[in-house]
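Q: how does the following fold in three dimensions:
(chains A and B)
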Protein chains: 2
Amino acid sequence: MNKKTFPIDTITIIGPGLIGGSIAKAVKERGLCKKLAIAAREEELDIVKRSGLEADLYHQLASSIAGADLVVICVPFDALKTILLQIKDHIEPQTVITDVISVKKEVMTLFSELLGEKVEWIGSHPMTGSERSGFDAANSLLFEGSTTILTPANHVSPLAIDCIKTFWEKLGSIPIELSAEEHDALVSEISHLPHLLAAVLIESVSSQSLQLVGPGFKDTTRIAAGCPRLWKSILMANRHYVQKIGEKFIRQFQKALNILQQGDEKALFELLNKAQAIRKRLEKK
Amino acid sequence: MNKKTFPIDTITIIGPGLIGGSIAKAVKERGLCKKLAIAAREEELDIVKRSGLEADLYHQLASSIAGADLVVICVPFDALKTILLQIKDHIEPQTVITDVISVKKEVMTLFSELLGEKVEWIGSHPMTGSERSGFDAANSLLFEGSTTILTPANHVSPLAIDCIKTFWEKLGSIPIELSAEEHDALVSEISHLPHLLAAVLIESVSSQSLQLVGPGFKDTTRIAAGCPRLWKSILMANRHYVQKIGEKFIRQFQKALNILQQGDEKALFELLNKAQAIRKRLEKK
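A: The predicted structure is shown next:
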């Protein structure tokens, strides 16, 4: 590819849900391209149309990527293969492809198997979100201050990596590069484990108690309101790392229960004090 | 006691921290008493003084409760005994006493041992809060829409119970009566277990991963920023129930990990789908 400077000619977004929709809105607000193409099923396109967002709408994937400089695939992992099969024979030489899926090793494997090394593809994972979903919940400021992890394949040109980095920066995010394995281990800890904990917590609580929950319980379990189909596909795709950190969590939690059983006030205070110190530092980020 | 109608003559708040301070501010804003007395250590009273809140300030507990219709003790559980020992011989016949501590069985036992059946005392637990603490974090709207659990002792008069109920209602909360045991089992599920999970989650995550956390992780662990001394005393006082629900949680979480290991997509979807449905219903409360 040649060096691209923003505004680039054409950006195509496949899947205008929460993330794809937020990208679309931010791209328009910030004037990052001359033409914005959005591809989706008819009923999703109707929602975009009703919103008044200025974009070219396609239900044919192949047509939507014609002439594109950048294609951002914003679908859950279990829909990726179908998408790639439909576009693989229509990708033009200048096109850079990325995705926004929360697991990266399996995504990179699929990209590699279906697109090979002739296409420039780079994994992206914007580390932000909402428990809401769909285009109506999309928000052009969703990426402000977030981190986006990039997992470029070995064959990809520095120019293509630079294009994707600049793209996320223009959306307000800070891009960092990691290997797909590093990414998957890391998000299993800070995203996938918390999600599973929140879901199991909700199901461990009696219905009488649920009548009386306060803001603390609501905060702790907010992420469990996320789309079950999306999260099923994320947790399945990353289950190796989720199991590993999950087993570690059980061991640590069992230790905390042992501290309670022994009535060891000093150890309990140390545990809570350390957690508070770490949590307070996160607030400053 | 005689029937009390608000505004009553004198309310005394012992301990103007987050909860005591929020009560003090709400009581003044809503004109619930003619005289508001606040008792605390000198340095805490200085903070109240600087805030400009109109109240009579005492560092002598005995003087602070002279003439009081209602005394609200707003200190952590491990400070309760000292407080009761200092006031027990100065409580007047018209005075109703309550507290705001998050465990109730051990509180009721202390009340019973130190105040006996001649004094009207009723346990209260306003089911609200914040990860912040101290008078400066206090907020007169903290109780709006919350539930407050009351655990009256058997000897207490219906008039005294009515006074405490009305008091919480005037602060915007909905009072409900439970036994101390029912209360402790219930809050172990929706408050104490989530707190311990959040603290252990923070300590299970690598420091590299913590650099990259998004809003989901922050929500899930927000409560772990709460005061470690306060939470140590809560978890210790209720450890019987916390251990029980904690062990149940481990069994359920291990089941979820087994589902992942078996790659059982259907079971995982059902788990996430059920959790989402329950969590969404909470949002409407």
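Q: SS state for the residue nearest to residue A:247 when sequence neighbours are not counted?
A: With Cβ to Cβ, 6 or more residues apart in numbering or on different chains as the criterion, residue A:247 has its nearest non-adjacent residue at 6.9 Å, and that residue is residue B:257. C-beta here means a position set from N, CA and C on the backbone, and glycine is covered the same way. For residue B:257, the secondary structure call by DSSP: H, G, I helix; E, B strand; the rest coil comes out as helix.
Q: neighbours around residue B:257, how many?
A: 19 (other Cβ atoms under 10 Å in any protein chain shown).
Q: same check, this time on the one 5 residues further on
A: By other Cβ under 10 Å, 11 other residues sit near residue B:262.
Q: one more: residue A:229?
A: With other Cβ under 10 Å as criterion, residue A:229 counts 16.
Q: can you pull the contacts of it?
A: A:76, A:78, B:269 (Cβ atoms under 8 Å, 6 or more residues apart in numbering or on different chains).
Q: what are the phi and psi values at the first one?
A: The reference is to residue A:76. Torsion angles at residue A:76 (phi, psi; degrees, to the nearest 10) stand at phi -60, psi 160.
Q: which bits of the stretch 1-150 of chain A sit near chain B?
A: A:127-130, A:146-147, A:149 (Cβ under 8 Å from any Cβ of the partner chain).
Q: if we can go back for a sec, closest to residue B:210 among the contacts of residue A:229?
A: Within the contacts of residue A:229, the smallest distance to residue B:210 is 26.4 Å, found for residue A:76 (Cβ to Cβ).
Q: from chain B, how far out is that closest one?
A: Residue A:76 sits 12 Å away from chain B when distances are taken as Cβ to the nearest Cβ, to the nearest Å.
Q: then residue A:164?
A: Distance of residue A:164 to chain B, given as Cβ to the nearest Cβ: 18 Å.
Q: pretty sure that residue is touching residue A:100, no?
A: No. Residue A:164 is beyond contact range of residue A:100, at 11.4 Å (criterion: Cβ atoms under 8 Å).
Q: thinking again about what came up before, of the residues of the stretch 1-150 of chain A next to chain B, which pair is most distant in space?
A: Of all pairs drawn from the residues of the stretch 1-150 of chain A next to chain B, the widest gap by Cβ to Cβ lies between A:130 and A:149 and measures 18.3 Å.
Q: which one of those two is surrounded by more residues?
A: Between residue A:130 and residue A:149, residue A:149 has the larger neighbour count (other Cβ under 10 Å), namely 24 against 18.
Q: apart from its chain neighbours, what residue comes closest to that one?
A: residue A:125 (4.6 Å).
Q: and the helix or strand harbouring that neighbour, how far from the chain's centre?
A: Element membership for residue A:125 (DSSP states H and E) is strand A:120-126. Chain-centre distance of strand A:120-126: 10 Å, with Cα atoms, centre = their mean, to the nearest Å.
Q: what about residue A:121, how many neighbours?
A: 28.
Q: how far away is it from chain B?
A: As defined by Cβ to the nearest Cβ, residue A:121 lies at a distance of 22 Å from chain B.
Q: low-confidence ranges, chain A, go.
A: The model of chain A has pLDDT under 70 over residues A:1-2, A:285.
Q: between residue A:164 and residue A:100, which contacts overlap?
A: With Cβ under 8 Å, 6+ apart, residue A:164 and residue A:100 have common neighbours residue A:124.
Q: what lies in contact with the strand holding residue A:125?
A: By Cβ under 8 Å, 6+ apart, the residues outside strand A:120-126 that reach it are A:1, A:19, A:72, A:95-102, A:104, A:107-108, A:111, A:115, A:142-143, A:146, A:148-153, A:156-157, A:160-161, A:164, A:168, A:171, A:173, A:175, A:180, A:183, A:187.
Q: done for today, thanks.
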